[in-house]
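Colleague: Here is my input, please return the structure:
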Amino acid sequence: MESRNDRLLRYWIGLLVFLTFEAAAVASAADSTTKLFYGGFAFAGNAGGVEENYPISSVVNEANGGRFFETQSRDFFRKNIDQFRTVSLSFDLARPHDTPLVLALALSDEKVLREELGEFHKLVIQLGFELLILDFETMEVVSSRPIRIELIDAGTKEFSNKEIASREQAMVEGADSQLFAALRTKLGGVRVGGKNQANLQIRTVSIGEKALPFLPEAYRKDPKTYAQGVAQQFGSLLTSQAGLAMLPYSKDGLNSKMALRFSDASVLQFKIPSPSFAIDLEVKGFKKVLNKSTDAESLWLYGAFLNVRVYEPEFNVVFYDAPAKYGVSKIVPISQKTIDEFPVVSEAMTGAFLTAIDQMQKNQTTNEKVLKKCQL
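Modeller: Residues are numbered from 1 along each chain as shown. Got it, this is the predicted structure:
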């Protein structure tokens with residue numbers, strides 16, 4: 001019969017073996033995480049064009065000592081470092097033998113739209129960001145996760161530049177701001193794929209004539225500015241829904257370089273590699289139909305119409321080419337003479353984006369041959 005001392009000895013040996021295996025498993029998991037170095041905040045674009053491309057953001061930055069965005073970014077990542085699941089983020093200086101991979105946050109788009117609607121003045125601020133992984137050895141963009149935030153305000157007086165700057169600062173200041181609330185949801189999905197990781201890029205965005213009448217004047221005059229917002233929003237929804245490795249959208253479609261000006265005033269050029277797969281987005285247009293009307297109000301239906309083409313760009317092999325549409329309703333009092341239609345069609349467009357992404361995931365060819373290959 002086994003003695004009490006033998007049972008205790010067997011117990012402690014078993015516990016020691018368990019703890020040894022547990023420690024090995026934890027060490028193995030730690031070793032399998034990819035190390036990234038924090039690279040800072042950057043403005044996308046050449047140094048000379050920062051004030052022109054980001055006039056309000058530049059004012060906000062300079063009014064706070066020239067490092068407002070960098071300070072906010074660094075503070076956020078330090079406080080949320082435990083949110084990363086498959087990468088480890090370091091704030092130390094990289095040594096020669098360390099990984100060349102760097103995590104950076106970049107502002108890539110700023111739009112300020114002002115419109116007069118009857119007795120009211122409307123303000124829309126749209127900011128586009130990219131959460132980037134950069135390879136400092138090859139000077140290439142490894143992947144990008146687009147983020148887009150928006151603020152809509154209205155008042156009886158025209159908004160001054162100082163008021164606009166104050167509102168933009170509130171959008172990005174502090175852990176609970178729009179920017180960092182949106183960014184926090186992305187951290188768990190930050191991954192680095194292997195050498196054979198396929199990637200996806202939104203290659204072109206076209207805006208149809210039937211969309212222009214519903215857009216603010218600034219977008220009607222320069223549809224390319226609206227196109228960038230479309231690409232960023234679709235890309236943000238696609239990465240959230242499918243967890244894909246994506247490359248940044250390029251405004252001119254031909255530029256394969258991404259210039260970044262960091263907070264230390266250094267300007268670096270990173271190559272955007274050729275994507276494994278590409279997407280062409282066509283915003284075909286918007287449409288509104290009067291559904292019913294009474295003496296007090298009218299019910300309007302607004303529809304957004306989109307076409308999505310997914311293909312392999314080198315040999316132009318098409319995997320998916322299909323339309324998507326979505327409708328929303330808006331009740332308008334008879335007494336209201338002016339209708340702000342842009343938020344309504346934007347809501348419809350978001351619905352069309354989600355419909356298209358759902359169709360792409362359900363399409364066996366697209367899902368098996370493209371999306372799964374690009375998943376991180």
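Colleague: The spatially most central residue of the chain in helix, strand or coil?
Modeller: For the chain, the residue nearest the mean C-alpha position is Pro146 (1.8 Å; Cα atoms, centre = their mean). On the three-state scheme (DSSP: H, G, I helix; E, B strand; the rest coil), Pro146 is labelled strand.
Colleague: hang on, it packs against Ser236?
Modeller: Yes: Pro146 is within contact range of Ser236, at 4.6 Å (criterion: Cβ atoms under 8 Å). (Each C-beta comes from the backbone N, C-alpha and C, glycine too.)
Colleague: For Ser206, name its beta-bridge partners.
Modeller: Here Ser206 sits in beta bridges with Glu282, going by DSSP bridges.
Colleague: what's near enough to touch it?
Modeller: The neighbourhood of Ser206, defined by Cβ atoms under 8 Å, 6 or more residues apart in numbering, consists of Ala227, Asp280, Leu281, Glu282, Val283.
Colleague: what's the closest of those to Gln361?
Modeller: The closest of these to Gln361 turns out to be Leu281 (Cβ to Cβ; 16.6 Å).
Colleague: if I read this right, the closest one contacts Val205, doesn't it?
Modeller: Yes: counting by Cβ under 8 Å, Val205 is a contact partner of Leu281 at 4.7 Å.
Colleague: Now for the two: what residues contact both?
Modeller: Residues touching both Leu281 and Val205 (Cβ under 8 Å, 6+ apart): Val230, Ala231.
Colleague: Next up, the contacts around Ser298.
Modeller: Contacts for Ser298 (Cβ under 8 Å, 6+ apart) come out as Leu290, Lys292, Ile331, Val332, Ile334.
Colleague: what's the answer for Gly188, then?
Modeller: Listed by Cβ under 8 Å, 6+ apart, the contact partners of Gly188 are Gln83, Phe84, Arg85.
Colleague: who wins for neighbours among those?
Modeller: Neighbour counts for the contacts of Gly188, by other Cβ atoms under 10 Å, peak at Phe84, which reaches 19 neighbours.
Colleague: is it true that that residue touches Lys186?
Modeller: No: applying Cβ under 8 Å, one finds Phe84 not in contact with Lys186, separated by 10.2 Å.
Colleague: which is the next helix or strand following the helix or strand of the chain with the lowest mean pLDDT?
Modeller: Using mean pLDDT, DSSP states H and E, helix 4-32 stands out as the lowest-scoring helix or strand of the chain, at a mean of 47. Next along the chain after helix 4-32, taking DSSP states H and E as the criterion, comes strand 34-44.
Colleague: Each with direction, which strands does that following strand pair with?
Modeller: With DSSP bridges as the test, strand 34-44 is paired with strand 87-90 (parallel), strand 101-117 (parallel), strand 257-262 (antiparallel).
Colleague: and Asn367, which of the ones you listed is closest to it?
Modeller: strand 87-90 (26.0 Å).
Colleague: what's in contact with the closest one?
Modeller: 30, 33-38, 77, 81, 103, 190-192.
Colleague: Now do the strands in the stretch 151-300 of the chain.
Modeller: Assigned by DSSP state E, counting those that start in this stretch, the stretch 151-300 of the chain shows strands spanning 200-210, 246-247, 257-262, 267-271, 277-293, 297-312.
Colleague: out of those, deepest packed?
Modeller: Highest mean neighbour count of these: strand 246-247, a mean of 24 (counted as mean count of other Cβ atoms under 10 Å).
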